[in-house]
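# Sharing a model that was predicted from the sequence below.
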Amino acid sequence: MKKIEINPITRLEGHGKIAIFLDDQGNVDDAFFQTVEFRGFEKFLQGMPMEEVPRTVSTVCGVCRGVHYMASTKAADGVFGVTPPSAGRKLRELFFNAHYVEDHAVILYALGFPDFVVGPEANPAERNVVGLINAVGAEVGKEVLRKRGLAVKIFELLGGKPNHAVAALPGGWSKSLNEEERKQIEEWSKELVELGELTLKIFDDVVLQNDDYMKLVTGDVFKVEVGYMGSVNDKDQITYYDGTQKIIDSAGKPVGSFTGKEYLDFISERVQPWTYLKFPYQKKIGDWQGIVEGPGTNIYSVGPLARLNIVKEMDTPKAQAHFEKFHATFGAKPVHNILAYHWARAIELLNAAEKCLELSRDPEITSKDIWNKPTSCPGEGVGVIEAPRGTLIHHYCTDDKGIVTDANLIVATTHNNAPINLAVKKAAKHFIKGGEVPESMLNYVEMAFRPYDLCLACATHTVTGGQTPMEIEIYDSKGGLYKSMKNF
Amino acid sequence: MSEKCVVVGIGNPYLQDDRAGVVVVEKLEEQGVPCNTEIVYTVGFEVMDKVKGYDRAIIVDACMLGNEPGSILEVTMDDIFTTSSLVNSHAITLGTTLKTGYLCFQEEMPKEIQIVLIEVKDIKEFTQVMSPEVDKAVEVVVDRIKSLVCHWHTAIPSGS
């Protein structure tokens, strides 16, 4: 049994290990990010009625519950050969955008902002959400958490159950909105837009106005030149619930686009013997080339930065203004600076909030025509959505009674596996010189993978302690253990 | 009128011994124990949301401390709030969410929170069958919470 000394609570986020190898001069020769456990969720789903799958997969991770729920719901539409009516689809979108606001807010305030507000070299005892609240003041913290709670209320009102929704049906949604509920959601959504604006103001005040931080954000240490994948609507705008998956290479040139099962034509997964986490790559660009960045690489990233790189524009006005400022600041598209993930996440938070407000004012949102009853069972379905941390693919095959015979889940952290390895190696190379390993290196390496918002529970389906335990082991040129560092 | 209390069970209902906290709450509900109950699958800010507005809260979760499987620990928020546990790239720990609650919503947070942990034997498999040791511990925790809730009800005079 793994001994978790710090936090006694069993949770799901997984265990990562980083191995760094030094050369004869004590500089970094190579670095690997490993996940060392495996849960096998797909196997568990075999034999389950497809209509039960969304409620079950929402437990893959306590954090990403809404995204697995929605991806499997869309896959269930395919399995039963039915699509939701317009109002049913809009209810799903409203539910999903509220989940985005909640998720992005937590990730930014609890995990991303502390590095900047409290400082990247601050004592870990202070570099956290409690330190953040102490820095910005309890009143700001209270307002942020209260507004984030309104997103949860929308999620629960539409989902029919706290935390883990039950309202989705193959072909639609079971919970309609009455006018009173619609008005309530509209009022809450106004506050979510305020939360998005406040979040971007904090990012502006703390990061964009700080020359030292901007050197870090726009510099080469935290820069990984790969391709990108995300979803776009028919106007080439950002979309989260549904759309076409668009891929660009590291220079920004379109590689192609796909929907549903066509993902198999674009994505291959490479297995490496030293980790349970596979390495997807874009096979249209070529065969596996290894974990390399730069022109011609077929490694790609997903998530907020990827989405802002692949879309022409945002689909809401306030977020669009920030999108333009974002790209103007870097003067490039695609942006390869990975600390920009945090900024992109804040822009998406505002975008999702604006979408909630827009949908809450849609006259169709209170329609009772929200479900098309399935009448057949073609037996195969693929659900692709943009999870807050990146593209999520659920693929199911069933028998003629809708019992799952095969399941495949490709999650954001899996797509990002190779870029995470590249980011970690780059940070390690920068901060380890001549065998000198500063204590601050641990957080700088964490800052290299934190933008990707790892979810190893989803990726490898693991079980470990209450944090994301991370070990760094540094080996000398003869393979001996030189130094070990860990955050648990 | 008695004080408002809530019992929050945390765990994944499909994951072997991790489901212990959820099962405790389900049994309290089945037995009609006079308290509010909530189930959450994770320890994010949701836990803070669930205990806000109550005078007392009991939180039941599984733990993996290296004790004998089925061991029961009663701890405080400070016991599980350690600085290192906040170093986290994805999740919010239970200690963090409660500490954050007291920082931002002191007037709404319970005046007393008791945390009951049940040591797991195995949490590797997806199954709704817990190990016998944890099964037994769940019964003990249910009885313990029933007696606590009853004590609160009798200790506070009607109309207070």
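On my side now, so go ahead. Residues are numbered from 1 along each chain as shown, chains lettered A, B, ... in the order given.

# Identify the single longest helix in the chain, thanks.
Picked chain A for this. Determined from DSSP state H, the single longest helix within chain A is helix A:179-203.

# The intended chain is chain B.
When chain B is parsed with DSSP H, its longest helix is helix B:132-155.

# Can you show me the helices along the stretch 151-300 of chain A?
Under the criterion DSSP state H, counting those that start in this stretch, the stretch 151-300 of chain A contains helices at A:179-203, A:211-218, A:263-266.

# sorry, back to before: report the buried residues of the longest helix of chain B.
Across helix B:132-155, burial judged by 16 or more other C-beta atoms under 10 Å in any protein chain shown covers B:133-134, B:137-138, B:141-142, B:144-146, B:148-149, B:152. Any C-beta I mention is one placed from the backbone N, CA and C, and that applies to glycine too.

# Stretch A:75-92 too?
So for stretch A:75-92, counting by 16+ other C-beta under 10 Å, buried means A:75-82, A:84-85, A:87-92.

# Repeat that for stretch A:203-213.
By neighbour count on 16+ other C-beta under 10 Å, the buried set for stretch A:203-213 is A:203, A:206-207, A:213.

# One more: stretch B:119-126?
Residues of stretch B:119-126 classed as buried under the neighbour-count rule (16+ other C-beta under 10 Å) are B:119-124, B:126.

# Also stretch A:255-273?
Residues of stretch A:255-273 classed as buried under the neighbour-count rule (16+ other C-beta under 10 Å) are A:255, A:257-258, A:260, A:263, A:266-269.

# out of these, which one sits closest to residue A:161?
Distances from residue A:161 to the buried residues of stretch A:255-273, taken as C-beta to C-beta, are shortest for residue A:260 (28.4 Å).

# Check the separation of the first and last residues in stretch A:57-76.
With C-alpha to C-alpha, to the nearest Å as the measure, the ends of stretch A:57-76 fall 12 Å from one another.

# try stretch A:384-394
From its first residue to its last, stretch A:384-394 covers 6 Å (C-alpha to C-alpha).

# and it with chain B, contact?
No. Judged by C-beta under 8 Å from any C-beta of the partner chain, stretch A:384-394 and chain B are separated, with a smallest distance of 8.9 Å.

# I'd like to know how many residues surround residue A:328.
8 (other C-beta atoms under 10 Å in any protein chain shown).

# And the residue of chain B found nearest chain A, what's its pLDDT?
Of all residues in chain B, the one sitting closest to chain A is residue B:42 (2.2 Å; C-beta to the nearest C-beta). Residue B:42 carries a pLDDT score of 76 in this model.

# what helices or strands is the longest helix of chain B leaning on?
Packed against helix B:132-155, as judged by 3 or more C-beta pairs under 8 Å, 6 or more residues apart in numbering or on different chains; DSSP states H and E, are the following elements: strand B:5-10, helix B:20-30, strand B:56-63, strand B:72-75, strand B:112-119.

# any chance of the ones you listed in JSON lines, plus distance to chain A and mean pLDDT?
As requested, these are exported to JSON lines (distance: least, C-beta to the nearest C-beta, whole Å; pLDDT from 0 to 100):
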{"stretch": "strand B:5-10", "distance to chain A": "8", "mean pLDDT": "94"}
{"stretch": "helix B:20-30", "distance to chain A": "9", "mean pLDDT": "96"}
{"stretch": "strand B:56-63", "distance to chain A": "4", "mean pLDDT": "92"}
{"stretch": "strand B:72-75", "distance to chain A": "8", "mean pLDDT": "90"}
{"stretch": "strand B:112-119", "distance to chain A": "6", "mean pLDDT": "92"}
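
# Same list (those) but as a markdown table, adding distance to residue A:101.
As requested, these are exported to a markdown table (distance: least, C-beta to C-beta, whole Å):
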| stretch | distance to residue A:101 |
| --- | --- |
| strand B:5-10 | 23 |
| helix B:20-30 | 27 |
| strand B:56-63 | 26 |
| strand B:72-75 | 33 |
| strand B:112-119 | 28 |
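
# Which one of the ones you listed lies nearest to residue A:383?
helix B:20-30 (26.6 Å).

# what helices or strands is that closest one leaning on?
The elements that helix B:20-30 packs onto, with contact taken as 3+ C-beta pairs under 8 Å, 6+ apart, are strand B:5-10, strand B:36-40, strand B:56-63, strand B:112-119, helix B:132-155.

# re the thing from before, closest to residue B:5 out of the buried residues of stretch B:119-126?
Residue B:5 has its nearest neighbour among the buried residues of stretch B:119-126 in residue B:119, at 24.8 Å by C-beta to C-beta.

# distance of the closest one from residue A:317?
Distance of residue B:119 to residue A:317, given as C-beta to C-beta, to the nearest Å: 53 Å.

# ok, how many other residues are close to residue B:128?
Using other C-beta under 10 Å, residue B:128 is surrounded by 11 other residues.

# Identify the residues contacting it.
If you count contacts by C-beta atoms under 8 Å, 6 or more residues apart in numbering or on different chains, residue B:128 has them with B:13-14, B:19.

# switch the cut-off to 10 Å
Counting by C-beta atoms under 10 Å, 6 or more residues apart in numbering or on different chains, residue B:128 makes contact with B:13-16, B:19, B:22-23.

# any chance of those residues in a markdown table, plus neighbour count and distance to residue A:401?
Supplementary listing: these in a markdown table, determined by neighbours: other C-beta atoms under 10 Å in any protein chain shown; distance: C-beta to C-beta, whole Å:
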| residue | neighbour count | distance to residue A:401 |
| --- | --- | --- |
| B:13 | 17 | 25 |
| B:14 | 19 | 22 |
| B:15 | 26 | 27 |
| B:16 | 23 | 28 |
| B:19 | 27 | 28 |
| B:22 | 24 | 29 |
| B:23 | 24 | 31 |
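
# mind giving me JSON lines with the helices of the stretch 151-300 of chain A and columns for distance to chain B and mean pLDDT?
Written out in JSON lines, the entries for those read as follows (distance: least, C-beta to the nearest C-beta, whole Å; pLDDT from 0 to 100):
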{"stretch": "helix A:179-203", "distance to chain B": "14", "mean pLDDT": "97"}
{"stretch": "helix A:211-218", "distance to chain B": "18", "mean pLDDT": "94"}
{"stretch": "helix A:263-266", "distance to chain B": "25", "mean pLDDT": "94"}
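
# Return the most buried member of those.
Most buried of the helices of the stretch 151-300 of chain A by mean neighbour count (mean count of other C-beta atoms under 10 Å in any protein chain shown) is helix A:179-203; its value is a mean of 19.

# any idea of the mean pLDDT in whichever strand or helix holds residue A:474?
With secondary structure defined by DSSP states H and E, residue A:474 is part of strand A:470-475. Predicted confidence along strand A:470-475 averages 72 (mean pLDDT).

# Appreciated, that's everything.
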